[in-house]
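> the sequence isn't on hand, but the structure is:
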């Protein structure tokens, strides 16, 4: 839907159509319509009320409390229902909501730009960027599609980032989340002074897992981790990553801050393996987008 508490897509769409809705009309939805009243009226009831005769559903509701309920209501009302059409693709479209509604924790995307040898930073005094401007523009658009951007305190001290949405089709400002052990942060940092300062949250001496759980309780369904190395390493070691989007520049830097350091895997078998990675060339850089394999998938192999 367009905003929290607003009409869901089904109702938003059907309100724009005059009665009667043609008998041959087909309603296509990526996710099973809701069937209970929350902030909005149940979509399944409205679909029936408006006389829609056929509904095609991509993926069923992942919430065990509601899974299949709307399908049953529609069938009982004589609506022709077809399910599991392009199911994998529709599940990906709703990946953040799917995880949050089942686990109560946000969907976590790890994003960074690094050198070929895995470093995030250049020597002191040089520009902080390793990847090209085109790659950074490409990466920036992710911000418009998440509920929160998370970084460590060192990123604030070193880079003084804005963590705002300035490019791309969506301009909704995500929450800005900062992790710090000491609580020592520069009070003149941009994020504490700009127009989005009220959407900035600082967690002191909390584990990344605890922070993510708290964000989930705040109904934050997706988090983009933008660094630095310590936070990315925690996410890897604790297997908190649901998706990676990594930009690799064609250079070796040596030294500096590793993107993924931490304890590391005890064996190659226990490494985090990626499933069907997608490679995209952006100028001279390479963008890798993928999803970690589930533990059961790795064990089975």
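Thanks, I have it. Everything numeric in this text was worked out from a predicted model, so none of it was measured. Numbers count the residues shown, from 1 in each chain.
> all helices of the stretch 201-301 of the chain, in order?
Taking DSSP state H, counting those that start in this stretch as the test, the helices found in the stretch 201-301 of the chain are 208-217, 229-237, 295-300.
> buried sites along the longest one?
Spelled out, it's helix 208-217. Within helix 208-217, the residues that qualify as buried are 208, 211-212, 215-216, counting by 16 or more other CB atoms under 10 Å. All C-beta spots, glycine's among them, are computed from the backbone N, C-alpha and C.
> what is the most widely separated pair among these?
Taking CB to CB as the measure, these span a maximum distance of 12.7 Å, between 208 and 216.
> what's the closest of the buried residues of helix 208-217 to residue 86?
Looking across those and measuring by CB to CB, the closest to residue 86 is residue 216, at 27.9 Å.
> please list all residues in contact with that closest one.
By CB atoms under 8 Å, 6 or more residues apart in numbering, residue 216 lies in contact with 100, 103-106.
> and for residue 290?
243-244, 274-278.
> residue 138: which of the helices of the stretch 201-301 of the chain is closest?
For residue 138, the closest of the helices of the stretch 201-301 of the chain is helix 229-237, at 18.9 Å, according to CB to CB.
> and residue 50, which of the helices of the stretch 201-301 of the chain is closest to it?
Closest of these to residue 50 is helix 208-217, at 34.3 Å (criterion: CB to CB).
> distance between the closest one and the chain's centre?
Centroid separation between helix 208-217 and its chain, computed with CA atoms, centre = their mean, to the nearest Å, is 14 Å.
> tell me the angle of that helix relative to helix 229-237?
80 degrees (axes from the mean of the first three to the mean of the last three CA atoms, to 10 degrees).
> sec struct for residue 89, please.
What DSSP: H, G, I helix; E, B strand; the rest coil gives for residue 89 is helix.
> can you pull out the low-pLDDT segments for the protein?
1-5, 38-39, 123-127, 170-171, 295-301 (pLDDT under 70).
> give the contact list for residue 264.
By CB under 8 Å, 6+ apart, the contact set of residue 264 is residue 237.
> now for residue 169, how many residues are close by?
Number of residues near residue 169 (other CB atoms under 10 Å) recorded here: 7.
> now it: closest residue in space that isn't a chain neighbour?
residue 144 (7.0 Å; CB to CB, 6 or more residues apart in numbering).
> ditto for residue 94
Using CB to CB, 6+ apart, the nearest residue to residue 94 is residue 31, at 5.3 Å.
> next one: residue 265
Residue 265's closest residue in space is residue 271 (CB to CB, 6+ apart), at 4.4 Å.
> re earlier: assign the residue nearest to residue 169 to helix, strand or coil.
At residue 144, secondary structure determined by three-state DSSP is helix.
> how much space between it and residue 269?
38 Å (CB to CB, to the nearest Å).
> neighbour count winner among these two?
residue 144 (16 against 10).
> all strands of this structure, in order?
Secondary structure of the chain by DSSP state E: the strands cover 26-31, 54-59, 80-82, 107-114, 148-152, 175-180, 200-204, 222-227, 243-248, 274-282, 285-292.
> in CSV: these, plus distance to residue 194.
Listed next are the strands of the chain as CSV, based on distance: least, CB to CB, whole Å:
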stretch, distance to residue 194
strand 26-31, 35
strand 54-59, 39
strand 80-82, 48
strand 107-114, 21
strand 148-152, 14
strand 175-180, 10
strand 200-204, 9
strand 222-227, 17
strand 243-248, 25
strand 274-282, 28
strand 285-292, 28
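> and of the ones you listed, who's closest to residue 136?
Per CB to CB, nearest to residue 136 of those: strand 107-114, 7.1 Å.
> which residues touch stretch 267-282?
132, 134-135, 138, 236, 239, 241, 244, 247, 265, 286-293, 297-298.
> center of this structure - which residue?
residue 222 (4.0 Å; CA atoms, centre = their mean).
> can you name the residues bridging to that residue?
Under DSSP bridges, the beta-bridge partners of residue 222 are residue 107.
> got CSV for the contacts of residue 290, with neighbour count and distance to residue 53 too?
Listed next are those as CSV, based on neighbours: other CB atoms under 10 Å; distance: CB to CB, whole Å:
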residue, neighbour count, distance to residue 53
243, 19, 38
244, 23, 43
274, 16, 43
275, 11, 39
276, 8, 38
277, 12, 42
278, 11, 38
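> of all those, which comes closest to residue 128?
residue 244 (20.8 Å).
> list the beta-bridge partners for the closest one.
Applying DSSP bridges, one finds that residue 244 bridges with residue 110, residue 290.
> wait, doesn't it sit right on residue 288?
Yes: at 6.9 Å, residue 244 counts as touching residue 288 under the criterion of CB atoms under 8 Å.
> list the contacts for the residue nearest to the centre of the chain?
For residue 222, the contacting residues are 96, 100, 106-109, 145-148, by CB under 8 Å, 6+ apart.
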